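J.: What follows is a predicted structure for the sequence shown.
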Amino acid sequence: MEHLLAVLQPYSRESVIYVCVSAAIISKMYQRSGFDKRRQNDFLVDFFDPVLASSLMALTILPEPAYVFHRRQLLFLTKEAIKSCPTVGQDLVMEPKPFGKALLMANDHFHFGLSSTDASEQLLNVLTEFVTVTEYAGFRLENKITRSLSMLLKIPKTLKDHPDFLDVAESFQELTRIEINDYISLWFGLLSKYVSLELPELQKDWSDLYINKDFFRTTKISESVVEAFLSELEATPEEIKNAFERRDYGTNDYTALRNKPLIREELGSLPSDLFFVMDKIETGPYWRVSGTSAHVGDRLRRFWGKVFERYVNDLLAETSDAMHNCFCPDPRYTSNPETQVCDGLMVCGDTLLLLEYKSSMFRADAKYSGVPELLKEEIERKLVFSEEGKPKGVVQLANAVKKLFCTNHGEQIIGVPLDRIRNVVPVLITLDPIGRTLLLTAYLNIYFHRELDGARSPGLRTFPILNITIEDLEVVSEYFGAVPFSKMLGNWCAQDPQLISTFLGVDHPELSDIGTLRNRRVQREFDEAYVLISQRLGFPQDGQ
């Protein structure tokens, strides 16, 4: 690390942050579809001598291309600049060439270098490495917006009778004096500024990279609300540095920047990472309310699980059909209607899908510290057993399989005949993006098979437990009117029998043959949100 700091520390803190932020935004690293390779090449010319720059550009056109810039690297350098660079120093914008060395050196600091001779420990070690990679892979913005609005604004109103009911939007307004629709509109406006920013504009006026309250002066939202909104997202470099000093779980931990993604400087604030800004549509109100007290935080986490369950069930109810995917929310045992079988189920011909949904978010130390034991404990606590020892996720699904099929007198489900079922597929759906991590499904099956303990039913095939994220479910659910979900999941198992990959990490010919479908629910709710946001921000409406 000292060699990297020796390269960094001659530069002023603000100039390093500025260059990292501009490289990420102009290269469009926030795009899940891929960043702008042409703009990355422009930065290669700025940071490296011509011969090396040409060699690095050549790597980008190989069959398996390699790129110099990536999101974690620029976040790491931003973090180190905040922690170590002086307020006054060389201006990196004016003297960029030596900085290329820092970019390359940064890449040596992300891997934990874990090793073991035990097979299960090796699996956990590799999983520990992949968690951080997945964490910074980003998400589909349209899905994030519509899901967040449903879970924050719409679904809670339908659950007022729940014992842990909490109106997050109302509580957030009481805490911040920001009405939730204003918060969402200002968030969208902030995001639109940077998504539309291009290099020629920045070359014409380098201060365009900064955001301040003047940017929102043409909106219908008062200046005091704008100031309150910005204060929710921004902090000074010193405040962020102090946050890292209080808690920092290593190179891959950017929690302080995630909490306050806008770094406030004299001219305005710089967005450390657009994905962190994007994430604030949900995490801003949620964690603001959750942090009120331990009691409120526990209550909100319990309630959020019910909100997520309702969200998934509503999604599946709208996109499924009785011919290919017959969906049943909240299934109950015939012998005991008070007991839930699982959160939802689907019947696809002779295949039964048992579905469990988990909204739990993983702790920072478990994800970023590189300590496999911490990750293992968190996986067990969030997806296997609760802290009180109650079954969660994996164990719930294993228990359901055993009750339904692995006893002499198997349980029955109200309204769902099981006499024709020949296959059962347990599916775990997670809100935390950790569910998209390579090898996580393989690791969860260690617990699943341990719980089954060899239990089986003649004539029934029990599939391994399959873990997918809510975003992946949103993507494929639009195909449920034509393709059985069981066929998609079976395709994953057939192509990837060791379950090393993820659900959308394998090819799905049955989806490719249909072509790209945009989820109608996501599209409808995004269009509704855009109308609301446009009115508050003063955007032109159709026909105006």
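T.: On my side now, so go ahead.
J.: use CA for all of it now, contacts and neighbours both
T.: Noted.
J.: Quick one: residues contacting the residue sitting nearest the centre point of the chain.
T.: Residue closest to the mean C-alpha point of the chain, counted by Cα atoms, centre = their mean, is residue 433 at 4.0 Å. Taking Cα atoms under 8 Å, 6 or more residues apart in numbering, we find residue 433 in contact with 134-135, 469.
J.: measure it to residue 471 for me?
T.: 8 Å (Cα to Cα, to the nearest Å).
J.: What of residue 351?
T.: Taking Cα to Cα, one finds residue 351 at 23 Å from residue 471.
J.: what's the answer for residue 136, then?
T.: Taking Cα to Cα, one finds residue 136 at 15 Å from residue 471.
J.: More neighbours: which of those two?
T.: Neighbour totals were compared for residue 136 and residue 471, and residue 471 leads with 21 against 16 (other Cα atoms under 10 Å).
J.: which residues are contacting the helix or strand where that one lies?
T.: Assigned by DSSP states H and E, residue 471 belongs to helix 470-477. For helix 470-477, contacts defined as Cα under 8 Å, 6+ apart pick out 139-140, 143, 312, 315-316, 319-320, 429-431, 503-504, 518-519.
J.: mind listing the strands for the stretch 401-544 of the chain?
T.: Assigned by DSSP state E, counting those that start in this stretch, the stretch 401-544 of the chain shows strands spanning 423-430, 461-462, 466-469.
J.: Need these in CSV (columns: mean neighbour count).
T.: Output for those, formatted as CSV (neighbours: other Cα atoms under 10 Å):
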stretch, mean neighbour count
strand 423-430, 23
strand 461-462, 16
strand 466-469, 24
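J.: which ones are touching residue 110?
T.: Applying Cα under 8 Å, 6+ apart, the residues contacting residue 110 are 251-252.
J.: tell me the average confidence for the helix holding residue 471?
T.: Across helix 470-477, pLDDT averages out at 95.
J.: One more: stretch 499-509?
T.: pLDDT averaged over stretch 499-509 gives 94.
J.: now swap in stretch 127-143 and tell me
T.: 88.
J.: List the contacts of it.
T.: 30, 32, 71-72, 111-112, 252, 275, 278, 367-368, 370-372, 375, 433-434, 436-440, 471, 474, 522, 526.
J.: Now do the SS call for residue 321.
T.: Put simply, residue 321 is coil when judged by DSSP: H, G, I helix; E, B strand; the rest coil.
J.: Now that we have the strands of the stretch 401-544 of the chain, can you turn them into a markdown table and tack on distance to residue 344?
T.: Supplementary listing: the strands of the stretch 401-544 of the chain in a markdown table, determined by distance: least, Cα to Cα, whole Å:
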| stretch | distance to residue 344 |
| --- | --- |
| strand 423-430 | 10 |
| strand 461-462 | 18 |
| strand 466-469 | 15 |
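J.: Those strands: which one's closest to residue 38?
T.: Checking these against residue 38 by Cα to Cα gives strand 466-469 as the closest, at 31.8 Å.
J.: same for that closest one, what does it pack against?
T.: Where contact means 3 or more Cα pairs under 8 Å, 6 or more residues apart in numbering; DSSP states H and E, strand 466-469 is packed against strand 423-430, helix 440-452.
J.: distance between the shortest one and the chain's centre?
T.: When you say that, I think you mean strand 423-430. Per Cα atoms, centre = their mean, to the nearest Å, the displacement of strand 423-430 from the mean C-alpha position of its chain is 20 Å.
J.: Output it as PDB, nothing but the C-alphas.
T.: What follows is strand 423-430, C-alpha atoms only, in PDB (Å, rounded to 0.1, in the frame of the first residue of the first chain):
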ATOM      1  CA  ASN A 423     -40.500 -33.100  -9.700                       C
ATOM      2  CA  VAL A 424     -40.100 -30.600  -6.800                       C
ATOM      3  CA  VAL A 425     -37.900 -27.600  -7.100                       C
ATOM      4  CA  PRO A 426     -37.100 -25.500  -4.000                       C
ATOM      5  CA  VAL A 427     -36.400 -21.800  -5.000                       C
ATOM      6  CA  LEU A 428     -35.000 -19.100  -2.800                       C
ATOM      7  CA  ILE A 429     -35.600 -15.500  -3.900                       C
ATOM      8  CA  THR A 430     -33.400 -12.800  -2.300                       C
END
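J.: Direction included, what does that strand pair against?
T.: strand 351-358 (parallel), strand 461-462 (parallel), strand 466-469 (parallel) (DSSP bridges).
J.: will you turn those into JSON lines that also has distance to residue 190?
T.: Shown next, in JSON lines, are the strands paired with strand 423-430 (distance: least, Cα to Cα, whole Å):
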{"stretch": "strand 351-358", "distance to residue 190": "31"}
{"stretch": "strand 461-462", "distance to residue 190": "48"}
{"stretch": "strand 466-469", "distance to residue 190": "27"}
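J.: Please name whichever of these is nearest to residue 206.
T.: strand 466-469 (39.1 Å).
J.: Could you pull up the residues touching residue 47?
T.: Applying Cα under 8 Å, 6+ apart, we find residue 47 in contact with 53, 96-100.
J.: And the buried ones among these, selectable in ChimeraX?
T.: Typed into ChimeraX, the line below selects the buried ones among those, using 16 or more other Cα atoms under 10 Å:
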select :53,96,99,100
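J.: roughly how far apart are residue 83 and residue 9?
T.: 10 Å.
J.: Repeat that for residue 195.
T.: 30 Å.
J.: So which of the contacts of stretch 127-143 are in helices?
T.: 71-72, 275, 278, 367-368, 372, 375, 440, 471, 474, 522, 526 (DSSP state H).
J.: What residues of stretch 336-349 count as buried?
T.: Here stretch 336-349 shows 341-349 as buried, counting by 16+ other Cα under 10 Å.
J.: could you dump the residues you listed to a markdown table with pLDDT and secondary structure?
T.: Converted to a markdown table, these look like this (pLDDT from 0 to 100; DSSP: H, G, I helix; E, B strand; the rest coil):
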| residue | pLDDT | secondary structure |
| --- | --- | --- |
| 341 | 97 | coil |
| 342 | 97 | coil |
| 343 | 97 | coil |
| 344 | 97 | strand |
| 345 | 97 | strand |
| 346 | 97 | strand |
| 347 | 97 | strand |
| 348 | 96 | strand |
| 349 | 94 | coil |
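J.: Make TSV out of those and add distance to residue 88.
T.: Below are those laid out as TSV (distance: Cα to Cα, whole Å):
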residue	distance to residue 88
341	63
342	59
343	57
344	58
345	61
346	62
347	65
348	65
349	68
